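Novice: Sequence below, structure please.
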Amino acid sequence: MASNNAPRQKIVLAVDWFTPAFRAGGPIRSTSNLVELLVESYDVWVVCGAFDLGMEEPLDIPVNAWQTLQYEKGSAKIMYWTRDRWNSQQWQRVFQEIRPDWLHLNSMFSKSFTLTPLRVARKFPRMKVALAPRGMLGTAALSIKPLKKRMFLSYARAVNLFRDVRWHASTELERKEILGQLIGTDIQVAQNLSTRPPMEVARRSSARWNIAVVGRIHRVKNLEFGLSALLQIPSSRPISLTFIGPIEDENYRSELELLGGAQAEIEVHFAGGVEPTKLGMYLDAAHYLLSPTTQENFGHSIVEAWAHGCPVLISDRTPWLDLEAKGIGWDWPLEKSTWEKGLTEAFNLSHEEWELKSKAARKYFDEHVRNDDAEEANLKLFSS
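Specialist: The predicted model follows:
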């Protein structure tokens, strides 16, 4: 943490999307929560796009001028750029105006908010650079447009594109992913910061099981796998399943709706995209979070579910493992028979048994997720 007697360091964060954008999910919450932490100890500026993911019209916000973000323990400056500002000349102006000590980048492959500001930052030798790949070097992420990404990484290694960059790994797993692509780098592990938990855990109805599925409605999210397994299991009471996230593939939504209609004891709902501040009301009503993901770098929805006393039913493709032993949910390999067996156990617990897991989930969040160690690790990213 910055010394009270020393001048406060200046940090510029570059990111494609920032609140009130929400469609990009976890990376937005990661950056927003990091800014909230940093403002107590550093002078912070955020430069981001003025659009939400996949949207052509800008957000309903002032653009191309500095605004103030006010937090409980400090404030930051933010500028939302329209697309005509996404160029090296604008980054040059920002860096000349602020003269930051650090530039924090929040993507691996973004041209406008990673590669361009990184290139411009080389002209300011005093400025140090930290880069959070946000899961983009994981196997599943690299399998999307693989040839293009392999060519880029080969080029980056050949020209030493990321020389002197400090890598911000969210987990020990991500540290290994970075080393697998860029050997000999400066890597610090600082767990992503989740939203602060509610004061109290809401009580749930025992009349039916409520399940939340949080994330974009897109085939890459593997949602039909979890729904198909759910349709095969016996349950002690009816099930209501709510998909919470922007619908990016309308045909896929229709397929999920049709699939859900095959079982009278299961209701399927689509809430659409919701702002992070409104996600809590869905998690407060849910008995479980369901996530059959093929890869998750951190899993904001997972840890936020725990914050609301909601155990999770997830794949073993996240950093969160051995959940059954901890009493806070289950993590299974993506094998249908394994999921059906595990889901049968989860949906035949008594309400009292479920409540024990709910209390354990909240306790785990308090002790292992949003804690002093995680916050200190994020602050240390910006030490020399």
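
Novice: alpha carbons only for contacts and neighbour counts from here, please
Specialist: Noted.

Novice: Least confident secondary structure element in the chain?
Specialist: helix 139-142 (a mean of 88; mean pLDDT, DSSP states H and E).

Novice: Could you give the separation of that one from the chain centroid?
Specialist: Relative to its parent chain, helix 139-142 has a centroid offset of 16 Å by Cα atoms, centre = their mean, to the nearest Å.

Novice: Would you mark the buried spots in that helix?
Specialist: A140, A141 (16 or more other Cα atoms under 10 Å).

Novice: now do stretch 27-36
Specialist: In stretch 27-36, counting by 16+ other Cα under 10 Å, buried: P27, I28, R29, S30, T31, S32, N33, L34, V35, E36.

Novice: now stretch 175-188
Specialist: Buried-residue list, stretch 175-188, by 16+ other Cα under 10 Å: R175, K176, E177, I178, Q181, L182, T185, D186, I187, Q188.

Novice: Let me know the closest of these to V12.
Specialist: Q188 (18.5 Å; Cα to Cα).

Novice: Correct me if wrong: H218 contacts E255.
Specialist: No - contact criterion Cα atoms under 8 Å: H218 and E255 do not qualify, at 11.0 Å.

Novice: between those two, who's got more neighbours?
Specialist: H218 (18 against 12; other Cα atoms under 10 Å).

Novice: Give me the local confidence score for that one.
Specialist: Looking at H218, its pLDDT reads 90.

Novice: how far away is E352 from E56?
Specialist: 48 Å (Cα to Cα, to the nearest Å).

Novice: and the buried residues of stretch 27-36, which of them are in helices?
Specialist: P27, I28, R29, S30, T31, S32, N33, L34, V35, E36 (DSSP state H).

Novice: Switch those over to TSV; also include pLDDT and distance to I78.
Specialist: Listed next are these as TSV, based on pLDDT from 0 to 100; distance: Cα to Cα, whole Å:
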residue	pLDDT	distance to I78
P27	85	17
I28	91	14
R29	89	15
S30	89	16
T31	94	12
S32	93	11
N33	93	14
L34	96	14
V35	97	10
E36	95	12
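
Novice: which of these lies closest to S301?
Specialist: The closest of these to S301 turns out to be R29 (Cα to Cα; 10.0 Å).

Novice: does that closest one really touch S194, like I thought?
Specialist: Yes - contact criterion Cα under 8 Å: R29 and S194 qualify, at 7.3 Å.

Novice: hey, what's in contact with both of the two?
Specialist: Counting by Cα atoms under 8 Å, 6 or more residues apart in numbering, the contacts common to R29 and S194 are H300.

Novice: residues in contact with P333?
Specialist: By Cα under 8 Å, 6+ apart, the contact set of P333 is S315, D316, R317, W339.

Novice: got a winner among these for most neighbours?
Specialist: Within the contacts of P333, most neighbours by other Cα under 10 Å means W339, with 26 neighbours.

Novice: which element is that residue on?
Specialist: Element membership of W339, judged by DSSP states H and E, is helix 336-346.

Novice: Packing partners of that helix?
Specialist: With contacts taken as 3 or more Cα pairs under 8 Å, 6 or more residues apart in numbering; DSSP states H and E, helix 336-346 sits against helix 223-231, strand 329-332.

Novice: Can you tell me which of these is most buried?
Specialist: Among these, strand 329-332 has the highest mean neighbour count (mean count of other Cα atoms under 10 Å), at a mean of 22.

Novice: Give me the residues contacting it.
Specialist: Here strand 329-332 makes contact (Cα under 8 Å, 6+ apart) with 311-316, 320-324, 338-339, 342, 357, 361.

Novice: one step back: redo the ones in helices among the buried residues of stretch 27-36 as CSV? Include distance to R166.
Specialist: CSV is the format used below for those (distance: Cα to Cα, whole Å):
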residue, distance to R166
P27, 18
I28, 20
R29, 21
S30, 17
T31, 17
S32, 20
N33, 20
L34, 16
V35, 18
E36, 21
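
Novice: which of the residues in stretch 44-58 are buried?
Specialist: Residues V44, W45, V46, V47, C48, G49, A50, F51, D52, P58 are the ones in stretch 44-58 that count as buried (16+ other Cα under 10 Å).

Novice: quick one: the helices in the stretch 201-350 of the chain?
Specialist: Taking DSSP state H, counting those that start in this stretch as the criterion, the stretch 201-350 of the chain contains helices spanning 223-231, 250-260, 276-285, 300-307, 323-326, 336-346.

Novice: report the angle between the axes of the helix or strand where K357 lies and helix 336-346?
Specialist: K357 belongs to helix 351-368 when assigned by DSSP H and E. Counting by axes from the mean of the first three to the mean of the last three Cα atoms, to 10 degrees, helix 351-368 lies at 110 degrees to helix 336-346.

Novice: Show residues contacting the helix or strand following helix 351-368.
Specialist: Sequence-wise, the next helix or strand downstream of helix 351-368 (DSSP H and E) is helix 372-380. By Cα under 8 Å, 6+ apart, the list of residues contacting helix 372-380 from outside reads M1, L34, L37, L38, V189, A190, Q191, N192, L193.

Novice: Now helix 372-380: buried residues?
Specialist: A374, E375, A377, N378, L379.

Novice: Of these, which pair is most distant in space?
Specialist: Across the buried residues of helix 372-380 (Cα to Cα), the longest gap, 8.9 Å, separates A374 and L379.

Novice: so what's the backbone phi/psi at L105?
Specialist: With angles defined as degrees, to the nearest 10, L105 sits at phi -100, psi 140.

Novice: show me the contacts for it.
Specialist: So L105 contacts L13, A14, V15, F113, T114, V129, A130, L131, A132 (Cα under 8 Å, 6+ apart).

Novice: redo that, cut-off 10 Å
Specialist: By Cα atoms under 10 Å, 6 or more residues apart in numbering, the contact set of L105 is 12-16, 31, 113-115, 117-118, 129-134, 167-168.

Novice: returning to what we had before: mean pLDDT lowest for which of the helices and strands packed on helix 336-346?
Specialist: Looking over the helices and strands packed on helix 336-346, mean pLDDT reaches its minimum on helix 223-231, with a mean of 95.
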